[in-house]
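Undergrad: next come a sequence and a model predicted from it.
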Amino acid sequence: MADSTKISKVIIVGAGPSGLLLGVLLAKQGIQVQLLEQATILDSNPRAAHHAPNAVQEFRRAGVLNQIAAEGIHPSGVCWREIDGKILAGIKPDPETEGEDKMVCLPLDKLGKILLKEFCAQESAEMNWEHKVVGVEQDEKEARVTVETPEGTKTLSADYIVGCDGANSGVRRALFGDSFPGETLQQQIIATNVYYDFSKFDYWDSQFIVHPENWYMAARITADGMWRVTYGDKWGLSTEEYLKRQPQRYEEILPGSPKPGDYKLVGASPYKLHQRCAESMRVGRFLLAADAGHLCNPFGGMGLTGGFADITSLYDCLIAMHNGLTDDSILDKYSEVRINKWKKIIDPSSRANFLRLWNEDAVPEREAFFAMCDKMATDKAMQDQGKKFYFLLNEDFTPYFKKPLAA
């Protein structure tokens, strides 16, 4: 009889970086993968860009690291500054000891194109645009999604269906309704992409500016000099009001007090900040990953990094099942582990990263953190420990494997 753990087909909902990466990995193992995306094209917003060492390992496993590294940059360091430019603390990696998994920076629009091309090159991969999930159902044998398409409503089925469809996940909503435990932080951020000569102010590739009101993050994200500048603004305004205030805020916070003619603005988007995690990352044959399953504020990159760690874990679990090394109980462990990683690492780390920028109550933690950074600059052992931090988000699932039941 056929092996009950063998996986013939997986449907992935959402053609963001996490969905595409999972699709590439599974398709390269010969599993049929159908990727559904409700938009007509990939998201063209550069958005997040810094990919930590644990993500770099996954890019290598997917066979796309060389192209990502060729198109991206390797950031030279990160620092924290006062609004006048004074450096409070900084960390610069040693190029001689960084190793092959060093962080690479490539905006998600460019990363998406690389992953999409690799996905479509696989024989067992199928890309479907304008497919919006509006319903889900399952039984003991398969999972099904109802999707709206230009040709009408369809029902598609697979052994497992993975929601990688972002913060407003249709899969998560179909499973849990409006329930998404956590909170929306009462802070407003405006994420912008801009060409501005920060180098004349001796800015590093990445820095966080610490100030009660004029806090922000500025990081170089492309080789040709585009920067990501994310800053705070008043709570409760409309999108139009935030965008109208952008020139004023730039003049107030950026070095040199630039006016619109001094820079080239590529894009600006207001964002709300969320710290949320789904009650489960598995419901039968439906699974959640990345922003569909959990959210955090973007300061420190824990959301993007945590999303790729989800993909690492989920791929390992699905392939172990496919190869007959374990039964489907490993997917319950996937859910348990990923939720614990969010609760114990992603949520507290991302909150601390954000609060130390502006919150006066965080001053003791801030000073302790800066002291640690100063010590790390000359302490090789601490540097080695720092390199391992992002890998704490990963998990070895082999101790949880259970022998599959005989078919």
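TA: Everything's here; your move. Residues are numbered from 1 along each chain as shown.
Undergrad: so where does L88 fall, helix or strand?
TA: Element membership of L88, judged by DSSP states H and E, is strand 87-91.
Undergrad: and the strand or helix carrying R61, what's buried?
TA: Take DSSP H and E as the rule and R61 turns out to sit in helix 53-62. Applying a neighbour-count criterion of 16 or more other C-beta atoms under 10 Å, one finds 53-59, 62 buried in helix 53-62. Just so you know, the C-beta spots here come from the backbone N, C-alpha and C atoms, and that holds for glycine as well.
Undergrad: out of these, flag the one nearest to D384.
TA: Distance to D384 across the buried residues of helix 53-62 (C-beta to C-beta) is lowest for P53, with 12.3 Å.
Undergrad: hmm, V104 and that closest one touching each other?
TA: No: using C-beta atoms under 8 Å, P53 is not in contact with V104; the gap is 9.2 Å.
Undergrad: and Y250, how many residues sit next to it?
TA: Y250 has 25 neighbouring residues, counting by other C-beta atoms under 10 Å.
Undergrad: pLDDT of the helix holding R61, averaged?
TA: On average, the pLDDT along helix 53-62 is 96.
Undergrad: now stretch 212-225
TA: Mean predicted lDDT for stretch 212-225 stands at 96.
Undergrad: please apply the same query to stretch 233-246.
TA: 97.
Undergrad: can you give me the helices for the protein?
TA: Under the criterion DSSP state H, helices of the chain are mapped to 17-27, 53-62, 65-71, 108-120, 170-176, 239-253, 302-322, 329-341, 347-358, 363-376, 380-388.
Undergrad: same list (those helices) but as a markdown table, adding distance to G225.
TA: Putting the helices of the chain into a markdown table (distance: least, C-beta to C-beta, whole Å) gives the following:
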| stretch | distance to G225 |
| --- | --- |
| helix 17-27 | 23 |
| helix 53-62 | 23 |
| helix 65-71 | 15 |
| helix 108-120 | 15 |
| helix 170-176 | 37 |
| helix 239-253 | 16 |
| helix 302-322 | 22 |
| helix 329-341 | 35 |
| helix 347-358 | 24 |
| helix 363-376 | 26 |
| helix 380-388 | 28 |
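Undergrad: okay, the ones you listed, which one's buried deepest?
TA: helix 17-27 (a mean of 28; mean count of other C-beta atoms under 10 Å).
Undergrad: how far does that helix sit from the chain's center?
TA: 14 Å (C-alpha atoms, centre = their mean, to the nearest Å).
Undergrad: give me the angle between that helix and helix 53-62.
TA: 40 degrees (axes from the mean of the first three to the mean of the last three C-alpha atoms, to 10 degrees).
Undergrad: what mean pLDDT does helix 17-27 have?
TA: Mean pLDDT, helix 17-27: 98.
Undergrad: which helices and strands sit right next to it?
TA: Packed against helix 17-27 by the contact rule (3 or more C-beta pairs under 8 Å, 6 or more residues apart in numbering; DSSP states H and E) you find strand 9-13, strand 32-37, helix 53-62, helix 108-120, strand 125-129, helix 302-322.
Undergrad: give me the contacts around the helix holding R61.
TA: Defining contact as C-beta atoms under 8 Å, 6 or more residues apart in numbering, one finds that helix 53-62 is touched by 21, 24-25, 28, 51, 65, 68, 99-104, 115, 118, 304-305, 308-309, 311-312, 387, 390-391, 393-394.
Undergrad: and A89, which of the helices and strands packed on helix 17-27 is closest to it?
TA: Here helix 302-322 is closest among the helices and strands packed on helix 17-27 (C-beta to C-beta), at 19.0 Å.
Undergrad: from the contact counts, what lies against that closest one?
TA: Judged by 3+ C-beta pairs under 8 Å, 6+ apart, helix 302-322 is in contact with helix 17-27, strand 50-51, helix 53-62, strand 294-295, helix 329-341, helix 347-358.
Undergrad: using a markdown table, lay out those together with distance to P260.
TA: Listed next are the helices and strands packed on helix 302-322 as a markdown table, based on distance: least, C-beta to C-beta, whole Å:
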| stretch | distance to P260 |
| --- | --- |
| helix 17-27 | 32 |
| strand 50-51 | 27 |
| helix 53-62 | 35 |
| strand 294-295 | 33 |
| helix 329-341 | 43 |
| helix 347-358 | 26 |
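Undergrad: out of those, which is closest to S199?
TA: Of the helices and strands packed on helix 302-322, nearest to S199 by C-beta to C-beta is strand 50-51, at 18.7 Å.
Undergrad: who are the contact partners of the most centrally placed residue in the chain?
TA: By C-alpha atoms, centre = their mean, the mean C-alpha position of the chain lies nearest to L304, the distance being 1.5 Å. For L304, the contacting residues are 17, 48, 50-51, 55, 298, by C-beta under 8 Å, 6+ apart.
Undergrad: can you pick out the most distant pair from those?
TA: A55 and P298 (15.1 Å).
Undergrad: ok, G77 touching I91?
TA: Yes: in this structure, G77 is within contact of I91 by C-beta under 8 Å, at 6.0 Å.
Undergrad: higher neighbour count, these two?
TA: When G77 and I91 are compared for neighbours, I91 comes out ahead with 18 against 12, by other C-beta under 10 Å.
Undergrad: any idea how far the more buried one lies from F208?
TA: Noted for I91: a distance of 12 Å to F208, by C-beta to C-beta, to the nearest Å.
Undergrad: overlap of the contact sets of the two?
TA: Contacts common to I91 and F208, judged by C-beta under 8 Å, 6+ apart, are 78-79.
Undergrad: confidence-wise, which helix or strand of this structure is lowest on average?
TA: Counting by mean pLDDT, DSSP states H and E, the chain has its least confident helix or strand at helix 380-388, which shows a mean of 81.
Undergrad: helices or strands up against that one?
TA: helix 363-376.
Undergrad: tell me the contacts of the nearest residue to K92 once chain neighbours are set aside?
TA: Residue nearest to K92 in three dimensions, not counting chain neighbours: G77, with 3.5 Å by C-beta to C-beta, 6 or more residues apart in numbering. Neighbour list for G77: 90-93, 204-206 [criterion: C-beta under 8 Å, 6+ apart].
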